[in-house]
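Enquirer: no letters, just coordinates:
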C-alpha cells in the first residue's frame, strides 16, 4: 500500500450522527472444525466493531452445544450509515461446556468485512427504504448479497495455519460501479510545483487524492468487482498530445478500470508526468460518456447496476450549457453525479447544477426528472477528516437510488434470486 493512500485512508472514522436505518444480521455455521475427537464443539460467534482504531465487542450469539452446523437464534441489530466505513469482525469460539466465558474458550477463526458489504437495499411503493443484511455462515468462506451478486471471503486462524500443514480454514460464514473523472486543466498549476493542486508530496496527499480516497472508500463496498473506471479531462495526452476531455487515466481506452482505490491512486500518480495540463474545463463529455453506459443498463429492464460519477475539478466549467443538457438527460438514467470542487475558485455555477436552490433546466427549458447532482467544495473540509467529506458528498445518494427505481417501478430481487458467485475480499 502506498504511503499517500495509507495516509488518507487511515483518517476515515465513525460518526455520532443520528441513525437513519438499522441492519439485521442473522448467522448460521457449517463445517466448524472438530478439534476434540471425543466431543463436538460448542460454538459461539462474537461480533466486534472498529471505533477509532480499536475493536470493541458489540454483541455475541448464544452458545449451541455439541454442534458443527449451528443456526443461531440471536439477531444482531446495528445502526447503519451508508456514507461511513463501519468495520466488523466476526470471531468464532468453541466455548467450554462448563461455562460460557472466553477465558477457557478455543479461538477457531475470524473474518473481517464492512457493514456496507453486508447490506441489501429494499424499499416500498411509498419510497421508504431500509438496508437489510442477512448472514448465514460457514467459517470457510463468507458470502454476501452485494450489488446483486454473491461474494466470498476466506476465514483463517493464523495460528492453525502455521501449526498445521494441511490447514485451509475453520469452517464457513455465509452472508445472506463507481466512475471517476479528474480535472487536468492548466489552472491546477504545474504538478512539479509545490503550489499546484496536483503536486505529489511524498508523504502528504493533495486535495485530489484526499477527495478520491474519502469518497472511494465508501463507494467500493457497493461495487461488486472493485474495479473503477477513471477518466481525465482538460489535458493534452500522449502520443500526439491532442486535448481530450474523456481520456482513460491509465491510457488504456479499451479497459480504463483500476483495481480498487489504491489502483486509482497509482494510476493518477503515474499519469501526471506524462500529461500536458491544458484546458478548457469541459465536463459535459464525461457525463455523456457515463450516461451512454448507464443507458445500456436501462435496456435490460432490470437496471441491476447503478452508476456514480465522481468529478474532481478545480475551476469554473466552460461548457455550462452542454453540461446542463447532459445532466437533464442523465436524470432519466440509473446514475448520480458527485462534484467535488478543489481549490479556491468561484463555484457559484456548481451550486446551480446541484439543484438545491431550484430545479435545474436545460438551455431549452426542460427540467431534470430527478435531482442527481451533489456538489461540495473541498475547502469546507480542509481541516476535517476524509470521512466528514464522504458523509457530506454521499448523503443524497441513497434517496437518489430509491427515486430512480421507484420511478421505473423496479423492485429489488431477493437474495435467493441472485445466481452468480465471485471471490471477494474485505
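Expert: That came through, no problem. Note that the coordinates shown come from a computational prediction; the quantities given were computed from them, not determined experimentally.
Enquirer: quick one, domains of this structure?
Expert: 21-176, 178-407 (automatic domain parsing).
Enquirer: now the strands for the stretch 301-426 of the chain?
Expert: Remark: strands assigned in the stretch 301-426 of the chain by DSSP state E, counting those that start in this stretch are 307-313, 335-341, 373-377, 421-423.
Enquirer: looking at the ones you listed, which is nearest to residue 46?
Expert: Closest to residue 46 of the strands of the stretch 301-426 of the chain, according to C-beta to C-beta: strand 421-423, at 25.5 Å. For the C-beta atoms, the positions are set from N, CA and C on the backbone; glycine is no exception.
Enquirer: any idea of the mean pLDDT in the closest one?
Expert: For strand 421-423, the mean pLDDT works out to 35.
Enquirer: check stretch 374-383 too.
Expert: Across stretch 374-383, the average pLDDT comes to 86.
Enquirer: would you mind listing the buried residues in it?
Expert: By neighbour count with 16 or more other C-beta atoms under 10 Å, stretch 374-383 contains the buried residues 374, 375, 376, 377, 378, 381.
Enquirer: dump the strands of the stretch 301-426 of the chain into CSV; add distance to residue 218 as well.
Expert: CSV is the format used below for these (distance: least, C-beta to C-beta, whole Å):
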stretch, distance to residue 218
strand 307-313, 10
strand 335-341, 11
strand 373-377, 13
strand 421-423, 21
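Enquirer: for residue 166, find the nearest of those strands.
Expert: strand 421-423 (21.4 Å).
Enquirer: may I have the phi/psi pair for residue 215?
Expert: Main-chain torsions, residue 215, degrees, to the nearest 10: phi -80, psi -40.
Enquirer: ok, it - how many residues close by?
Expert: By the other C-beta atoms under 10 Å criterion, the neighbourhood of residue 215 contains 25 residues.
Enquirer: does it touch residue 309 like I think?
Expert: No: proximity of residue 215 to residue 309 does not meet the contact threshold set by C-beta atoms under 8 Å, at 11.1 Å.
Enquirer: overlap of the contact sets of the two?
Expert: residue 338 (C-beta atoms under 8 Å, 6 or more residues apart in numbering).
Enquirer: closest one to residue 24 out of the buried residues of stretch 374-383, please.
Expert: Of the buried residues of stretch 374-383, the one sitting nearest to residue 24 (C-beta to C-beta) turns out to be residue 374, at 28.8 Å.
Enquirer: helices along this structure, start to end?
Expert: Per DSSP state H, the chain carries helices over the ranges 3-9, 115-118, 158-163, 207-219, 260-271, 284-298, 320-330, 348-354, 386-394, 397-408.
Enquirer: quick one, which of the ones you listed gets closest to residue 232.
Expert: Comparing the helices of the chain under C-beta to C-beta, the one sitting nearest is helix 260-271, at 7.0 Å.
Enquirer: for the closest one, buried residues please.
Expert: Across helix 260-271, burial judged by 16+ other C-beta under 10 Å covers 260, 261, 262, 263, 264, 265, 266, 267, 268, 269, 271.
Enquirer: ok, now which ones touch the first one?
Expert: What that stands for is residue 260. 220, 226, 227, 228.
Enquirer: go on, the fifth one?
Expert: Residues counted as contacts of residue 264 (C-beta under 8 Å, 6+ apart) are 180, 212, 216, 228, 230, 249, 258.
Enquirer: could you measure from the fourth one over to residue 277?
Expert: Using C-beta to C-beta, to the nearest Å, residue 228 is found at 22 Å from residue 277.
Enquirer: now do the last one
Expert: Distance, residue 258 to residue 277, using C-beta to C-beta: 20 Å.
Enquirer: between those two, which is the more surrounded one?
Expert: residue 258 (24 against 20).
Enquirer: where does the stretch 101-250 of the chain have low pLDDT?
Expert: Counting by pLDDT under 70, the ranges of the stretch 101-250 of the chain that qualify are 101-103, 118-161, 167-178, 221-222, 224.
Enquirer: if you set the cut-off to 50 instead, what comes out?
Expert: Applying pLDDT under 50 to the stretch 101-250 of the chain picks out residues 120-155, 172-176.
Enquirer: which residues in the stretch 51-200 of the chain form strands?
Expert: In the stretch 51-200 of the chain, the segments counted as strands under DSSP E, counting those that start in this stretch are 54-60, 71-80, 87-94, 106-114, 120-123, 129-132, 141-146, 149-154, 172-174, 178-183.
Enquirer: the last one: partners in the sheet, and parallel or antiparallel?
Expert: Same thing as strand 178-183. strand 227-233 (parallel), strand 307-313 (parallel) (DSSP bridges).
Enquirer: who's the residue nearest to residue 359 when sequence neighbours are not counted bridged to?
Expert: Nearest residue to residue 359, sequence neighbours excluded (C-beta to C-beta, 6 or more residues apart in numbering): residue 367, at 4.9 Å. Beta-bridge partners recorded for residue 367 (DSSP bridges): residue 361.
Enquirer: brilliant, that's me finished.
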